[in-house]
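Colleague: here is my input, please return the structure:
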Amino acid sequence: MDSVELPWGARCAALAFFGFSLCMAALSVVLLLVRRWPWCSCHVCRAYLTRSWARDFTNLGDWYAHLLRQSPTGTVHVHVLGCTVTANPANVEYMLKTRFDNFPKGKPFAALLGDLLGNGIFNVDGAAWRHQRKMASLELGSVAVRSYAYKIVAQEVETRLMPVLADAADRGTVLDLQDVFRRFAFDTICKISFGLDPACLDREMPMSELANAFDTASRLSAMRGAAASPLLWKMKRLLNIGSERELKKAIKLIDELAAAMIRERQKMGFANSHDLLSRFMASTGDAHSAGDDKFLRDIVVSFLLAGRDTVSSALSTLFMVLSKNPDVAAAMRAEAGVGEKPVTYEHLKGLQYTHAVLYENMRMFPPVQFDSKFCAAADVLPDGTYVEGDARVMYHPYAMGRMPRIWGADYDQFRPERWLTGPGGAFVPESLYKYPVFQAGLRVCIGKELAVTEMKAVSVAVVRAFDVELVGENAQSGAAGAPKFVPGLTASISGGLPVRVRRV
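Modeller: Numbering: from 1, shown residues only. Got it, this is the predicted structure:
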């Protein structure tokens, strides 16, 4: 069919309208910058906009930690972002528990991550959040699902992870351990959540289009939140240019692959399956609709974010720290005991020192370094900080792990013993408001126990069989030094984690 060419006058009008829209958008950006900078002369905003903080700090989170340690209240304002940042446990409890309804995720946050997360559990408030939370809690809390999940984790460790590490040890090759843990976590979460096996950790190390697209989308979505104004990324999205064009392509691929995953699960049947996607499918009933596919797509993406990136991030930083603290690795090995048999679930539960090591690692290197809420109505935080209505409030677990007023003068030391008390050295958790690594209050992570069990299973299996030695830049920093992280929704080490693996 021949294309129809618009009349000359209509084309001129369309071009004029497009040019006018561009001019108005540019004017809006200029007005915003004039309003916020350089007229905001505070050192915090200037350091943020000029990136002068990077002269003294490896990561943005390290700079925030420095500012928050200096603040008498443990709270600072970043005016150019319209954001209040806090590392004060009283404020965290106020936001996540006391005044939970006044500090929702909010529409601005939903807009930032909406293209990627849709209406998944991490990106909604109110009735939609309560519905998904209730369903997920029922499934993850069931004995059948936990037993099913642990069998998958144990099988993946024994049949895929350990052979890959053994092969690297025998060959003497350098291995990117972060990539290995990402592949392991991706295979595991896909099996647990969707009943499907992408086989990313097979000996051939096949690439996964979904995993790669997810990495790209996560990184670019996080860049939106770091922009000085939402107008910047919204204009790029409108014009389909730069990072927003790349993000659109990545999300299109995620949508296609998630849809294929859902169709495959439907073909296989889900009535008697234990995976989480099957459980959610069963909950939608027999009357299937396009809305159900969108709901299931958002569930798929949310579980991928929760189950892959967080676990792989925590395991990567853990073995970075263990390589610099061989005495800790030796103590874990002694606690777990020697032998070739896989450790049982009951045995894992009793490993108090290993549990403390995992928590100490996540204190210093939380997989999710910060989380944002939006203040629905003007409020005053417990430390006296006034927050305007619709303003963004960020609590910062990465900075909180580096606060002497919370952890004492040795806050910068990797010391698992701080979590152990009593003659038997029993693990005793801190208040979640001092340690919001798994969030806290009504939004506390419902997959926390499963994630900790998976990390325990991996760390114990690897420590019993291998010594891990860092190579490259990260090997040069101190015993608890921070690596350089890539900006993203979860902490990812820049350049990966190259290591040599040796049999014990």
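
Colleague: now do the strands in the stretch 351-500 of the chain.
Modeller: 371-374, 379-380, 386-387, 392-395, 420-421, 426-427, 466-470, 485-486, 492-493, 498-503 (DSSP state E, counting those that start in this stretch).

Colleague: who does the last one touch, helix- and strand-wise?
Modeller: Read it as strand 498-503. The criterion is 3 or more C-beta pairs under 8 Å, 6 or more residues apart in numbering; DSSP states H and E, and the helices and strands that strand 498-503 contacts are helix 162-171, strand 174-176, strand 466-470. Any C-beta I mention is one placed from the backbone N, CA and C, and that applies to glycine too.

Colleague: can you pull the phi/psi pair for Val311?
Modeller: Backbone torsions of Val311, given as degrees, to the nearest 10, read phi -70, psi -50.

Colleague: my guess is it contacts Arg183. True?
Modeller: No. With contact defined as C-beta atoms under 8 Å, Val311 does not reach Arg183; the gap is 11.6 Å.

Colleague: quick one on the thing from earlier: Asp410 is nearest to which of the strands of the stretch 351-500 of the chain?
Modeller: Distance to Asp410, taken as C-beta to C-beta, is lowest for strand 420-421 among these, at 14.7 Å.

Colleague: and that closest one, which strands flank it?
Modeller: strand 426-427 (antiparallel) (DSSP bridges).

Colleague: residues contacting the strand it pairs with, please?
Modeller: Here strand 426-427 makes contact (C-beta atoms under 8 Å, 6 or more residues apart in numbering) with 352-353, 355-356, 359, 419-420.

Colleague: mind doing that once more with 6 Å?
Modeller: Applying C-beta atoms under 6 Å, 6 or more residues apart in numbering, the contact partners of strand 426-427 are 352, 355-356, 419.

Colleague: nearest to Thr159 among the residues you listed?
Modeller: The shortest approach to Thr159 among the contacts of strand 426-427 belongs to His355, at 25.4 Å (C-beta to C-beta).

Colleague: without its sequence neighbours, what residue ends up closest to that closest one?
Modeller: Leaving aside its sequence neighbours, His355 sits nearest to Phe427 (C-beta to C-beta, 6 or more residues apart in numbering; 4.5 Å).

Colleague: where does pLDDT dip in this structure?
Modeller: Low-confidence segments of the chain, defined by pLDDT under 70: 1-39, 228, 271-272, 283-291, 339-340, 475-480.

Colleague: tell me which residue lies nearest the centroid of it.
Modeller: Per C-alpha atoms, centre = their mean, the C-alpha nearest to the average position across the chain is that of Thr490, at 3.1 Å.

Colleague: now for it: which residues touch it?
Modeller: 309-310, 313, 367-368.

Colleague: ok, Ser312 next?
Modeller: 181-182, 185.

Colleague: a markdown table for the residues you listed, including secondary structure?
Modeller: As requested, the contacts of Ser312 are exported to a markdown table (DSSP: H, G, I helix; E, B strand; the rest coil):
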| residue | secondary structure |
| --- | --- |
| Phe181 | helix |
| Arg182 | helix |
| Ala185 | helix |
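
Colleague: take these and write them to CSV, including neighbour count.
Modeller: Below are the contacts of Ser312 laid out as CSV (neighbours: other C-beta atoms under 10 Å):
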residue, neighbour count
Phe181, 25
Arg182, 25
Ala185, 29
